[in-house]
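1. Next one to model:
(one chain, ligands or ions: 1)
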Amino acid sequence: MVRIGVFDSGIGGLTVLAACRRLLPAVRFYYLGDNGHAPYGSRPREEIASLALRAMGRFARLGVDGAVIACNTVTAVCIGRLRAACGFPVIGMEPAVRPAALACKHVLVLATPRTAESGRLQALIARCRGCNFEVCALPHLAGAIEGALTRGERLTLSDHLPRGLYDGVVLGCTHYAFFREEIARFYGCKVFDGGEGTARRLKSVLKLGMDDHAKPPQTTVNPNICFNQNCKERGAKGVIFLGKSRKINESVYKTNICFRKI
Ligand code: DGL
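-> Numbers count the residues shown, from 1 in each chain. Predicted structure coming up:
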């Protein structure tokens, strides 16, 4: 069975995990959300890279066949370093700028500060002619969503979102996708996120096969050691949640309305 690690700073990547599971129901997914350090979006780049490398080490010890970085911020900051360090394919994610440019003329891109300032995002936008983009860095929204959905803290979206008239909004942070419908209503326009595109990319990488990628180094660690009894009982296709906050991630995933279709 193919095994794929999905990583985010916290709960945001659960929105990508949901898309991946819809498209690839036979794959065994491991989810690692680093809630203890979320949000990542304003942290120094070196710190983000070191936290992400640590997560990839965890996946490597499990012997995964590949990893999805379900975090625009980590992708923007250090996807190249992660790919160089891992012996398995690492799939990053990008704000859905291209699909927005195909459908709209005036687009707002909402993202964390590290994503908003990144050369990757600027390059992506520069390749989309005929569409006008405004990028807005939101320093606190991902943390507020993390707080609202894991600790029941109060969240008022309008305190975070800039006002303006747009015909498309790109959700450049996986946390924002939890409030996709509310954000669409706030702006009264189409909303784009990268979850489905990332799942399709994973599917095509799996289809191509892993042969052109180096296999992870053989490890003497039994990959099953981190499976707890519950995980074993849940059957082959369930998600295995990893890390100190695995219970939080698991409960957000299982109880959130966005994921009922799975
Ligand atoms: N969910 C992440 C992203 O897509 C990170 C948010 C954060 O931790 O600031 O950018």
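2. any weak-confidence spans in this protein?
-> For the chain, the stretches with pLDDT under 70 are 209-237, 257-262.
3. tell me the phi and psi of the residue positioned nearest the centre of it?
-> The centre of the chain sits closest to residue 70, judged by CA atoms, centre = their mean, with a distance of 2.0 Å. Note on residue 70: backbone dihedrals following degrees, to the nearest 10 are phi -90, psi 40.
4. isn't it right up against residue 10?
-> No. At 10.3 Å, residue 70 does not count as touching residue 10 under the criterion of CB atoms under 8 Å. Every residue, glycine included, has its C-beta placed from N, CA and C.
5. Can you give me the neighbour number for the nearest residue to the residue nearest to the centre of the chain once chain neighbours are set aside?
-> Ranked by CB to CB, 6 or more residues apart in numbering and with sequence neighbours excluded, the top spatial neighbour of residue 70 is residue 13, at 3.0 Å. Neighbours of residue 13 under the rule other CB atoms under 10 Å: 29.
6. just residue 41 next, same as before
-> Using other CB under 10 Å, residue 41 has 28 other residues around it.
7. Just list the residues touching the closest residue to it other than its chain neighbours, thanks.
-> Sequence neighbours aside, residue 112 is the residue nearest to residue 41 in space, at 2.7 Å (criterion: CB to CB, 6+ apart). For residue 112, the contacting residues are 39-42, 72-73, 137-139, 142, 172-173, by CB atoms under 8 Å, 6 or more residues apart in numbering.
8. Residue 32: which of the residues you listed is nearest?
-> residue 40 (13.2 Å; CB to CB).
9. quick one: that closest one and residue 72 touch, right?
-> No. Between residue 40 and residue 72 there is no contact under CB under 8 Å: 10.0 Å.
10. Compare those two and say which is more crowded by neighbours.
-> Using other CB under 10 Å as the criterion, residue 40 and residue 72 rank with residue 72 on top: 35 against 26.
11. Endpoint to endpoint, stretch 156-174 covers what distance?
-> Using CA to CA, to the nearest Å, one end of stretch 156-174 lies 18 Å from the other.
12. for stretch 133-146, same thing?
-> Stretch 133-146 has an end-to-end distance of 27 Å (criterion: CA to CA).
13. Go through it and flag the buried ones.
-> Within stretch 133-146, the residues that count as buried by 16 or more other CB atoms under 10 Å are 133, 135, 137-138, 141-146.
14. re the thing from before, identify the residues contacting the residue nearest to the centre of the chain.
-> For residue 70, the contact set (CB under 8 Å, 6+ apart) comprises 6-8, 12-17, 93, 174, 198.
15. quick one: which of those residues is most hemmed in?
-> residue 8 leads the contacts of residue 70 on contacts (other CB under 10 Å) with 33 neighbours.
16. And it, how far from residue 134?
-> According to CB to CB, to the nearest Å, residue 8 and residue 134 sit 25 Å apart.
17. cool, residue 80 as well?
-> 27 Å.
18. and if you look at residue 178?
-> Per CB to CB, residue 178 is found 23 Å from residue 134.
19. Around residue 159, how many other residues sit close by?
-> Other residues near residue 159 come to 10 when the count uses other CB under 10 Å.
20. Near the ligand, which residues of the stretch 51-200 of the chain? Just list them.
-> Neighbours of the ligand within the stretch 51-200 of the chain, by CB under 6 Å from any ligand atom: 71-73, 112, 115, 142, 173-175.
21. Give me the three-state assignment for the closest residue to residue 250 other than its chain neighbours.
-> Sequence neighbours aside, residue 241 is the residue nearest to residue 250 in space, at 4.4 Å (criterion: CB to CB, 6+ apart). Counting by DSSP: H, G, I helix; E, B strand; the rest coil, the backbone at residue 241 sits in strand.
22. Can we start the residue count at 59 from this point?
-> All right, first residue 59 from here; so that's residue 299.
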